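sequence unknown, structure follows:
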């Protein structure tokens, strides 16, 4: 799914960057969760829910920065199996 969003020449680099950012973001999560748990055991769960809900609108937004090359890449994709019959 990640590689579908970038040009073929940048796929390996984008996967590496994705996992770097993901790892750096997740690394302090256990410590922060422990601090929140010491305040109130339910607090980490409430915070996770709030952060998750805050991220929903951003995941539903279509990209406004799609270039002509990106659109032409999408058009070159293989047809769906349903269109073959």
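Done, it's in. What you see is a predicted model; the values in this text were computed from it and never measured.

scan this protein for its longest helix.
helix 43-60 (DSSP state H).

other SSEs contacting that helix?
helix 29-39 (3 or more CB pairs under 8 Å, 6 or more residues apart in numbering; DSSP states H and E). (C-beta placed from N, C-alpha, C; glycine too.)

tell me where the model's unsure across this structure.
The model of the chain has pLDDT under 70 over residues 1-2, 60-85.

rerun that using 90 as the cut-off
Along the chain, the model assigns pLDDT under 90 to residues 1-12, 14-15, 25, 30, 55-85.

what angle do the longest helix of the chain and helix 29-39 make?
Calculated by axes from the mean of the first three to the mean of the last three CA atoms, to 10 degrees, helix 43-60 forms an angle of 130 degrees with helix 29-39.

please report how far residue 42 lies from residue 20.
32 Å (CB to CB, to the nearest Å).

please apply the same query to residue 49.
27 Å.

now residue 33
22 Å.

what of residue 46?
29 Å.

got it, and residue 47?
When distance is defined by CB to CB, residue 47 is 24 Å away from residue 20.

and stretch 27-46, how far apart are its ends?
20 Å (CA to CA, to the nearest Å).

now swap in stretch 5-13 and tell me
Counting by CA to CA, you get 12 Å between the two ends of stretch 5-13.

what of stretch 21-31?
18 Å.

out of residue 33 and residue 20, which sits in the more crowded spot?
Set residue 33 next to residue 20 and count neighbours by other CB atoms under 10 Å: residue 33 wins out with 15 against 10.

give me the neighbour count for residue 48.
Residue 48, neighbours per other CB under 10 Å, totals 13.

actually, residue 27.
What residue 27 shows, counting by other CB under 10 Å, is a neighbour count of 9.

what's the answer for the one 4 residues further on, then?
Counted with other CB under 10 Å, residues neighbouring residue 31 total 9.

please renumber the chain so that the first residue is 46 from this point on.
In the new count, where the first residue is 46, that last one comes out as residue 76.

from residue 91, how far off is it?
18 Å.

go on, residue 102?
19 Å.
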